[in-house]
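Participant: Predicted model follows, preceded by the sequence.
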Amino acid sequence: MQLLSYLKQLRNDTGIFICDKIYIFDYNYMKNDDEQNKAEIEFIQDNPDGIRFVEIFCKDSFSKTNIKDFVKKQNEIIKKSKLIKEELNPDLVIKLLDDYFTEKYGAINFKQVIEDYNISISPKRIKIENHSPSPTFITSPLSDRNDNTFSKSMMINIPKPKKIYIIDGVKCEVNEFEQYLRFHESANVKVTLKYHDKPQVIKYWNVTKFGTHSSLLGNLASGYLRDWKQRGIIGIELEI
């Protein structure tokens, strides 16, 4: 992220990045960029974290110590949330249910009861908000063909795929993403392709030797987004 580069160059340890959220960084020169402590504040009405943000950055009460304490606490919350997500699995749910019903009804053969049920845990799908004009469909004899691609004749006025770039959990611009790739010999990029008529697909792209004259958009156009209209691709997300 370009902000972290500025903090490093200016020898500053406090940075604010505002985009989809407010991000506050407490920069430590002894850590890698992906290890930096950060706080995230969502744009929600009467958000307590937002109120605290205004308080600690107020001219009359500004204090580096308060900022560091706030970021530290928020970073601990982020880490604990990540650990909870990693531990969430069907086995844990079954164990908790077993403990609950055993305490409520006494010794029972819970495993035999649970065999009649399927229990799974998966993240909620995030709805993609696209304010571009809605696609217009037309009928055609070709639309009856059984084809894995999204037929050209089925859709007109389809908007170009929305591109999202993320570094260390923070959205950024394409030039910042390219800069990151140039400063690292290799990077494992998580590529999420979003489709009009089927579930999203996640792939991984090992980027090496991304030079000064390399173009991220050019690589996408000839690679993951090639024939995007026919394939029904409406968005792509690149995350490092």
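Facilitator: Nice, I can see it.

Participant: Got phi/psi on the most centrally placed residue in the chain?
Facilitator: For the chain, the residue sitting closest to the mean C-alpha position, by Cα atoms, centre = their mean, is residue 169 at 6.0 Å. Taking degrees, to the nearest 10, you get phi 80, psi 0 for the backbone angles of residue 169.

Participant: What spatial separation is found between the nearest residue to residue 12 once chain neighbours are set aside and residue 181?
Facilitator: The shortest distance from residue 12 to any residue other than its chain neighbours is 7.0 Å, reached at residue 27 (Cβ to Cβ, 6 or more residues apart in numbering). For every residue, glycine as well, the C-beta is placed using N, CA and C. Distance, residue 27 to residue 181, using Cβ to Cβ, to the nearest Å: 22 Å.

Participant: And residue 60, by the same measure?
Facilitator: For residue 60, the distance to residue 181 (Cβ to Cβ) stands at 43 Å.

Participant: neighbour count winner among the two?
Facilitator: The neighbour count for residue 60 versus residue 181, taken as other Cβ atoms under 10 Å, is higher for residue 181 (21 against 5).

Participant: Could you pull out the strands in the protein for me?
Facilitator: Under the criterion DSSP state E, the chain contains strands at 14-18, 21-26, 37-42, 136-137, 155-156, 162-167, 170-172, 186-195, 201-208, 233-239.

Participant: What lies in contact with the longest one?
Facilitator: By Cβ atoms under 8 Å, 6 or more residues apart in numbering, the residues outside strand 186-195 that reach it are 128, 150, 161-162, 180-181, 200-208, 210, 224, 231-240.

Participant: again with the third one
Facilitator: Contacts with strand 37-42, where a contact means Cβ under 8 Å, 6+ apart, come from 21-26, 28, 47, 49-50, 53, 70-75, 78, 169-170.

Participant: again, only this time at 6 Å
Facilitator: For strand 37-42, the external contacting residues (Cβ atoms under 6 Å, 6 or more residues apart in numbering) are 21, 22, 23, 24, 25, 26, 49, 50, 53, 71, 74, 75.

Participant: show me the contacts for the last one.
Facilitator: Pointing back at residue 75 there. With the criterion set at Cβ under 6 Å, 6+ apart, residue 75 makes contact with residue 37.
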